[in-house]
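[1] Following is a predicted model, sequence given first.
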Amino acid sequence: MNIHCNINIPLPLVSLGFCFFTFGFFAKNLSAQTIQQVDKKQIEILGANIIERDPNISDASRLVGKVKLGFGDAILTCDSAYRFDDGKFEVFSNVYILESAKSGEKSEMWAEYAILDPENETVDIREGVKFNHEEFTIECPSLRYGLESKLVSYFQRAKIVEGERILSSDLGVYSSSTDRLYAGGNVKISESGDLIISDSLAIDRNDKTLLLYKHSIIEVNGAIIECETGEYDGEKEKGWFAGKASIKDNQGLLSGDSLVVDRKNNEGKAWGKVTVSDSTGAMTVSGEYASRINGVEIVKVYDSNSIVKLLNIEDEDTLKMNCRVLEREQDLLFAYGGVIFEQGSFSGDGDSLSWDRDIDEIWLLGEPVVWSEEDEMTGDTVKMVLKRNKPSEMNLIGRANVFSPANDSLDHRISGRNLEAEFKEGKLKKVDVSGNGTAHYYSIDDTDQISLNKATCAHIRMLFSEGSVKRITLLKNPEGRFDRLGKESNSNPEGKDGPQKRRERPEL
């Protein structure tokens, strides 16, 4: 038996939770019909052109034509619907849901199919789904909306648009009451040229905060930020990041176990296993703490057993350096707290170092010492010029000394006020000592007879080949003497007031 009626139902109308349509009976006055659910939740039929039911065909009532349903603050319209005895509604074609809040905000949904469940207070919508809350829109194959919780959940890839921001993810939950979105599974966000890729994140639309829960990459204003977890304020361009966190921009790379970033002021700090590198990637510095403030980068260690390590690679040449504190400002580099550096067979040691990388000039201070092959050079101050990470020129300023091995226990020694050295392919080629120069040169004959040549003059020149002294020339009024020492020798045959033994060469 089919029951047909054309109705135009005013508010308030029918409450359907547990409804009886019995054979041979139909309520002519639908405006007075109210059916209560056991839990007293209600769905109201606000309008339909036809309501029919045939118990021989279906256990559901059918509503056809301009169907309109009410549930709390929500209104649903569609072309047709089924109402089941358990209170659920199945609605079809041109489904539209409007929910208005007391604050004046509203949520809208469009689809071709939906299931309205009053028991769980949810709406499941499918096929051409679109959800809109203020300027926030979700498009996806299907979603579930909580009428009481105000939560939108989707489990198939969705596209979310808000202004110029476009987000897509495999699943997510959005709360229209808190304006917070949780998204997971291949999350991708693009906005005005910026890009965010994440496994899991949340967006708070109220304070413009981005919360990162799993591995994420942020490309914003020319910088790339990577982390496992973190928080970023897109409006202030500030954030903190942890878990192999890093930021790479036109200044280079800053990374650590955790870091904080201020993009507007171009500032950042990193803690833990810190790495800093320049924009070319040729120079890399590691330590326990790093900061970038006003274009100046500082790398430090706090543990007395730890060191800041620097690697500078050019072509096949690598310069290594250890210190306690390292500071970089554009092309200027400063190292403090005991500095050791090494490039192949060339190395040095001092209290502090400055390096102008634009002209490749290095100054080493604080009882500095430099080694080339087996030769040792010391002075009050050392100035070096590098080419492709190798020494090209060097000046020892004040109390200059050169030690060069004569045998396993003796060293030639040249001393003076200042020293100028030239290198070829990183190896010592020529040394000129000026100002109160003294030379102590050992000669060993075929019978192992050792002789010591002592000389003083204003200018001494030493020529090297294959890492050994080949010639010593005394210039400008030389004076000297020749002493035979015999076959027995020691490290300082001249006694305690004679030339001192070289310093121990440190290892990196």
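    Done, it's in. Numbers count the residues shown, from 1 in each chain.
[2] Check which helices and strands the longest strand seen in the chain sits against.
    Ranked by residue count under DSSP state E, the longest strand found in the chain is strand 427-444. Applying 3 or more C-beta pairs under 8 Å, 6 or more residues apart in numbering; DSSP states H and E, we find strand 427-444 packed against strand 390-405, strand 411-424, strand 450-465, strand 468-475. Quick note: C-beta positions are derived from backbone N, CA and C, even for glycine.
[3] at 7 Å instead, please
    Where contact means 3 or more C-beta pairs under 7 Å, 6 or more residues apart in numbering; DSSP states H and E, strand 427-444 is packed against strand 411-424, strand 450-465, strand 468-475.
[4] wait, what's in contact with the residue nearest the centre of the chain?
    Centroid check for the chain by C-alpha atoms, centre = their mean gives residue 246 as the closest residue, at 1.7 Å. By C-beta atoms under 7 Å, 6 or more residues apart in numbering, residue 246 lies in contact with 226, 253, 254, 255.
[5] and if we set it to 6 Å?
    By C-beta atoms under 6 Å, 6 or more residues apart in numbering, the contact list for residue 246 reads 226, 255.
[6] next SSE after the one helix or strand it maps to?
    Element membership of residue 246, judged by DSSP states H and E, is strand 238-249. On the C-terminal side of strand 238-249, the closest following helix or strand by DSSP H and E is strand 252-262.
[7] Determine how far that following strand lies from the middle of the whole chain.
    5 Å (C-alpha atoms, centre = their mean, to the nearest Å).
[8] Likewise for stretch 307-322?
    22 Å.
[9] so where is the stretch 1-150 of the chain shaky, pLDDT-wise?
    Applying pLDDT under 70 to the stretch 1-150 of the chain flags the ranges 1-41, 56-57.
[10] wouldn't residue 233 be in contact with residue 210 here?
    No: using C-beta atoms under 6 Å, residue 233 is not in contact with residue 210, being 7.6 Å away.
[11] In terms of packing, which of these two has more residues around it?
    Set side by side, residue 233 and residue 210 show more neighbours around residue 210, with 19 against 16, by other C-beta atoms under 10 Å.
[12] Contact partners for residue 454?
    440, 480, 481.
[13] Most neighbours of all the residues you listed, which one?
    Highest neighbour count within these: residue 440, with 21 neighbours (other C-beta under 10 Å).
[14] how near is that one to residue 382?
    21 Å (C-beta to C-beta, to the nearest Å).
[15] again, but for residue 423
    Distance, residue 423 to residue 382, using C-beta to C-beta: 13 Å.
[16] Neighbour count: those two, which is higher?
    The neighbour comparison of residue 423 against residue 382 (other C-beta under 10 Å) goes to residue 382, with 25 against 21.
[17] my read is that one is in a strand, agree?
    Yes: counting by DSSP: H, G, I helix; E, B strand; the rest coil, residue 382 is part of a strand.
[18] that older thread, need the helices and strands packed on strand 427-444 in JSON lines (columns: distance to residue 430).
    Below are the helices and strands packed on strand 427-444 laid out as JSON lines (distance: least, C-beta to C-beta, whole Å):
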{"stretch": "strand 411-424", "distance to residue 430": "5"}
{"stretch": "strand 450-465", "distance to residue 430": "6"}
{"stretch": "strand 468-475", "distance to residue 430": "10"}
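[19] now the ones you listed in a markdown table, with mean pLDDT and distance to residue 293?
    What follows is the helices and strands packed on strand 427-444, written out as a markdown table (pLDDT from 0 to 100; distance: least, C-beta to C-beta, whole Å):
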| stretch | mean pLDDT | distance to residue 293 |
| --- | --- | --- |
| strand 411-424 | 89 | 37 |
| strand 450-465 | 86 | 45 |
| strand 468-475 | 81 | 49 |
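[20] Pretty sure residue 248 sits against residue 224.
    Yes: applying C-beta under 6 Å, one finds residue 248 in contact with residue 224, separated by 4.7 Å.
[21] so residue 83 bridges to which residues?
    Using DSSP bridges, the beta-bridge partners of residue 83 come out as residue 61, residue 89.
[22] What is the burial count for residue 483?
    11.
[23] who does it bridge with?
    Note on residue 483: beta-bridge partners residue 452, judged by DSSP bridges.
[24] Surely it touches residue 449?
    No: counting by C-beta under 6 Å, residue 483 sits too far from residue 449 to count as a contact (11.7 Å).
[25] Can you name every helix or strand that the one helix or strand residue 113 maps to contacts?
    In this assignment (DSSP H and E), residue 113 forms part of strand 106-117. Strand 106-117 sits against strand 89-100, strand 122-133, with contacts defined as 3 or more C-beta pairs under 6 Å, 6 or more residues apart in numbering; DSSP states H and E.
[26] now these in a markdown table, with distance to residue 166 and mean neighbour count?
    Shown next, in a markdown table, are those (distance: least, C-beta to C-beta, whole Å; neighbours: other C-beta atoms under 10 Å):
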| stretch | distance to residue 166 | mean neighbour count |
| --- | --- | --- |
| strand 89-100 | 24 | 19 |
| strand 122-133 | 14 | 20 |
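[27] Take those strands and lay them out in TSV including distance to residue 403.
    Shown next, in TSV, are these (distance: least, C-beta to C-beta, whole Å):
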stretch	distance to residue 403
strand 89-100	87
strand 122-133	79
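[28] Enumerate every residue touching the closest residue to residue 469 other than its chain neighbours.
    Leaving aside its chain neighbours, residue 469 sits nearest to residue 404 (4.8 Å; criterion: C-beta to C-beta, 6 or more residues apart in numbering). Residues near residue 404 by C-beta under 6 Å, 6+ apart: 375, 412, 469.
[29] and stretch 351-371, how far apart are its ends?
    16 Å (C-alpha to C-alpha, to the nearest Å).
[30] How about residues contacting that stretch?
    Contacts to stretch 351-371, defined as C-beta under 6 Å, 6+ apart, come from residues 331-336, 339, 347-350, 377-378, 381-386, 503, 505.
[31] and those residues, which of them are in strands?
    332-336, 339, 347-350, 377-378, 381-386.
[32] Buried ones among the residues you listed?
    The neighbour count (16 or more other C-beta atoms under 10 Å) marks 333-336, 339, 347-350, 377-378, 381-384, 386 as buried among the ones in strands among the contacts of stretch 351-371.
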